[in-house]
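Colleague: From the sequence below, what's the structure:
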Amino acid sequence: MKFRVCVCLSVLAIATLAAGQRVITYHSNGAFASIDSFSNGNTFGSLSVTRNGVGSTAQTNMFLSFTIFDDNFNVITSSFGFGTIPGNSLRGDGTGAMTLDLDLSAAPNYTLCTFTPNTGTICASPGQGTINLSWRRLDQFSYHSVDNLIQSYPGVRYQVSGTGDGSSASVQGTIFGTTLAYYNAGIGSQRQASHSVFIP
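Modeller: Presented below is the predicted three-dimensional model:
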């Protein structure tokens, strides 16, 4: 099983595609933690975070997707975010345990976008909301990945190319006050990864 490899900025480029689509590209190398989770039957959350180097002084970045559906599985709102977060908000080196305690209002270089079917996508920097998650390595299984992974969400597409090594993990905590359950989670390290966020 593969987990989403997380985002770490060392180079940021924003280009406008011919069809008016923006693409934000990141390059990364460092420890990561990730989670994919459903909760309450109508909420899906996905988050990946990593460092570009060692310790809290290394550049630290995050990709987030958080979608709420109605009872017919139609999208009500979808939030997604990308960019740099304070290095001291992430603790751990990917080998045993990691924690993320983040107040988005204290991350001016992080962009949070909200998509609704009627209004399209609206983005703000900084965003609002808190994320508090704790991972612990389980070693139920481990993996080595060589990825060219593309994942699509309402209002955004996320693509990762690179290599990594990870392990299964347990996770506890909340995203925007919602406790996520039924999850896949992992921690580990990645090398020479390239990440792209495509926004219509």
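
Colleague: Gly45 pairs with what?
Modeller: Here Gly45 sits in beta bridges with Phe66, going by DSSP bridges.

Colleague: May I ask you to confirm that it is in contact with Ile68?
Modeller: No. Proximity of Gly45 to Ile68 does not meet the contact threshold set by CB atoms under 8 Å, at 9.8 Å. Just so you know, the C-beta spots here come from the backbone N, C-alpha and C atoms, and that holds for glycine as well.

Colleague: And these two? Which one has more around it.
Modeller: Gly45 (24 against 15; other CB atoms under 10 Å).

Colleague: got the contact list for the more buried one?
Modeller: Ile35, Asp36, Ser37, Ser39, Leu64, Ser65, Phe66, Thr67, Ile175, Thr178, Leu180 (CB atoms under 8 Å, 6 or more residues apart in numbering).

Colleague: just Asp103 next, same as before
Modeller: Applying CB under 8 Å, 6+ apart, the residues near Asp103 are Thr130.

Colleague: now it: how far from Val156?
Modeller: Noted for Asp103: a distance of 22 Å to Val156, by CB to CB, to the nearest Å.

Colleague: any low-confidence regions in the chain?
Modeller: Flagging of the chain using pLDDT under 70 yields the residue ranges 1-20, 40.

Colleague: where do the helices sit along it?
Modeller: Along the chain, no stretch is classed among the helices by DSSP state H.

Colleague: Which strand runs longest in it?
Modeller: As assigned by DSSP state E, the longest strand anywhere in the chain is strand 130-153.

Colleague: Just checking: what are the partner strands of that one?
Modeller: strand 97-103 (antiparallel), strand 156-175 (antiparallel).

Colleague: doesn't Gly166 make contact with Gly188?
Modeller: Yes. The pair Gly188 and Gly166 passes the contact test of CB under 8 Å, sitting 3.1 Å apart.

Colleague: Please enumerate the shared neighbours of those two.
Modeller: Phe32, Ser142.

Colleague: how many neighbours does Gly96 have?
Modeller: Counted with other CB under 10 Å, Gly96 comes out at 12.

Colleague: Tell me how many other residues crowd the nearest residue to it once chain neighbours are set aside.
Modeller: Closest residue to Gly96 apart from its sequence neighbours, by CB to CB, 6 or more residues apart in numbering: Arg137 at 5.4 Å. When neighbours are defined as other CB under 10 Å, Arg137 has 22 of them.
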